[in-house]
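Visitor: A predicted structure for the sequence below; I have some questions about it.
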Amino acid sequence: MTMQFTKRAFVLSAIAALSGLAANNAAAQKVDFAGKRIEVIVPFAPGGGSDVYMRAMAPHLERHLPGKPTLIIRNVPGSRSIPGANQFQDRAKPDGTHLMVVSATTVASFVFDRAKVKFEMDKWQPLLLSPQGMVAYAHPVLGVKTWKDLPKLKGQQFTFGGQSANSGELRFIMMLHLLGLKTNHVWGLNRGPVRLAFERGEFNINYDSMPGYKGGAMQLVKAGKAVPIFTAGIVNDKGEIIRDPNEPDLPHFAEAMEMIHGKKPSGPGWDAWMSSSKMNTMMNKGLFLPAGTPKPIVEAWSKAIADMLKDPVFDKEAGAVIEGYPQFIGDAARPIIKDAITFKPEAWQWLKDYFKKEHNVTLN
């Protein structure tokens, strides 16, 4: 099912029939985690986005899981979340007592670094996908005052900083390329230092995740030091890009493409971006059980998550971690996962050519 949230109310829309969930409740109630300790692997250091996401949900999941078990969060940081994901693959038992937190970085590692990964994320059991949007913004020195000035950016030179071409920056640098904006890239920098460099005028275009934008870059906008120009948008249950519910007055990327090029986007480059967007936006955070977990256990977890997301106490105490985005539970997540990790042949070739030509990175 998909669960859509607003600031004050919960609106439930079903991808799977709601009667199906009701029928599953009896089986889910037979599962009992009383006295159990559930190990949760967060493949990043404490304090990061995935860690905050899980720690905000943990006490509410404990209340809604049958038997009210204790969730033990274990941080396993390492290169691009690979060590933690590999460890989950090797050690997790399919009995409902092992949970994995996945981020867009984990998905990118699975897609682009197959030689380094042992984990088989495509075989894990999805429980929850939590999308997270982003906002692109430009420096006023470029002559823009509002998003309506986006066409004025054509022909100008841009400088952008980030971690690396095949990291979480992928969706944004592809946006700049597809828009036809000439960009110099400065790699090896995290988002915080990049924003400071933007504020100093060292970079003239940037983006932030929605929490980062609301919590930091918005102050630059209010001070007249940044101009928001578009969002990534989100994908609805029909596979269409729609405006980000947190910034509905800003055009989404498909609209920005049409503003620049005068036509709706299409072709292998667009298909490659759509897959990367599902990877970076729609699979920004998620919860998974190991492969082979029995159906009654999956149903118990799914029911607990659905009940948590509808709980006003969760909304008040921790609802900010889902940012008002639709939440995809159980099998409703599978089409998104498939699209995020499987590129069309023409789109994959386009991506390989793009990485090699623009960033001197070879994809296998």
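Guide: Perfect, thanks for sending it.
Visitor: for the helix or strand where Ile72 lies, name the packing helices and strands.
Guide: For Ile72, the host element (DSSP states H and E) is strand 70-75. With contacts taken as 3 or more CB pairs under 8 Å, 6 or more residues apart in numbering; DSSP states H and E, strand 70-75 sits against strand 37-42, helix 49-64. For the C-beta atoms, the positions are set from N, CA and C on the backbone; glycine is no exception.
Visitor: Val235 is nearest to which of these?
Guide: helix 49-64 (19.8 Å; CB to CB).
Visitor: now do the buried residues in the closest one.
Guide: Using 16 or more other CB atoms under 10 Å as the test for burial, helix 49-64 gives 49-58, 60-62, 64.
Visitor: now these in a markdown table, with distance to Val235?
Guide: Listed next are the buried residues of helix 49-64 as a markdown table, based on distance: CB to CB, whole Å:
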| residue | distance to Val235 |
| --- | --- |
| Gly49 | 20 |
| Ser50 | 21 |
| Asp51 | 26 |
| Val52 | 24 |
| Tyr53 | 20 |
| Met54 | 24 |
| Arg55 | 27 |
| Ala56 | 24 |
| Met57 | 23 |
| Ala58 | 28 |
| His60 | 26 |
| Leu61 | 26 |
| Glu62 | 31 |
| His64 | 27 |
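Visitor: what's the neighbour count on Met279?
Guide: The number of residues packed near Met279 is 27, by other CB atoms under 10 Å.
Visitor: re earlier: give me the residues contacting the strand holding Ile72.
Guide: The list of residues contacting strand 70-75 from outside it, by CB atoms under 8 Å, 6 or more residues apart in numbering, reads 36-42, 44-46, 51, 54-55, 58, 61-62, 84, 99.
Visitor: I'd like the distance between Phe110 and Pro290.
Guide: To Pro290, Phe110 is 15 Å away according to CB to CB, to the nearest Å.
Visitor: domain ranges for the protein, per the record?
Guide: For the chain, the structural domains run 2-131+283-325, 134-279+346-358, going by automatic domain parsing.
Visitor: which of those domains has the lowest average pLDDT?
Guide: Lowest mean pLDDT of those: domain 2-131+283-325, a mean of 86.
Visitor: which residues in this structure form helices?
Guide: 18-29, 49-64, 82-91, 104-112, 170-178, 191-199, 210-212, 218-222, 253-261, 268-277, 295-310, 312-318, 334-341, 345-354 (DSSP state H).
Visitor: what is the third one packed up against?
Guide: With contacts defined as 3+ CB pairs under 8 Å, 6+ apart, the secondary structure elements packing on helix 82-91 are strand 37-42, strand 98-103, helix 104-112.
Visitor: and these as TSV, adding mean neighbour count and distance to Ser276?
Guide: Below are the helices and strands packed on helix 82-91 laid out as TSV (neighbours: other CB atoms under 10 Å; distance: least, CB to CB, whole Å):
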stretch	mean neighbour count	distance to Ser276
strand 37-42	19	23
strand 98-103	25	14
helix 104-112	24	8
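Visitor: got the contact list for the closest residue to Ala256 other than its chain neighbours?
Guide: Excluding the flanking residues, the one nearest Ala256 by CB to CB, 6 or more residues apart in numbering is Phe230, at 4.1 Å. The contact partners of Phe230, taken as CB under 8 Å, 6+ apart, are 135-136, 147, 150, 250-253, 255-256.
Visitor: mind redoing it with 7 Å?
Guide: 136, 147, 150, 250-253, 256 (CB atoms under 7 Å, 6 or more residues apart in numbering).
Visitor: return the distance of it relative to Arg200.
Guide: 23 Å.
Visitor: what about the nearest residue to Arg55 once chain neighbours are set aside, distance to Pro265?
Guide: Spatially, and ignoring its direct neighbours in sequence, Arg55 is nearest to Ile73 (6.3 Å; CB to CB, 6+ apart). According to CB to CB, Ile73 stands 40 Å off from Pro265.
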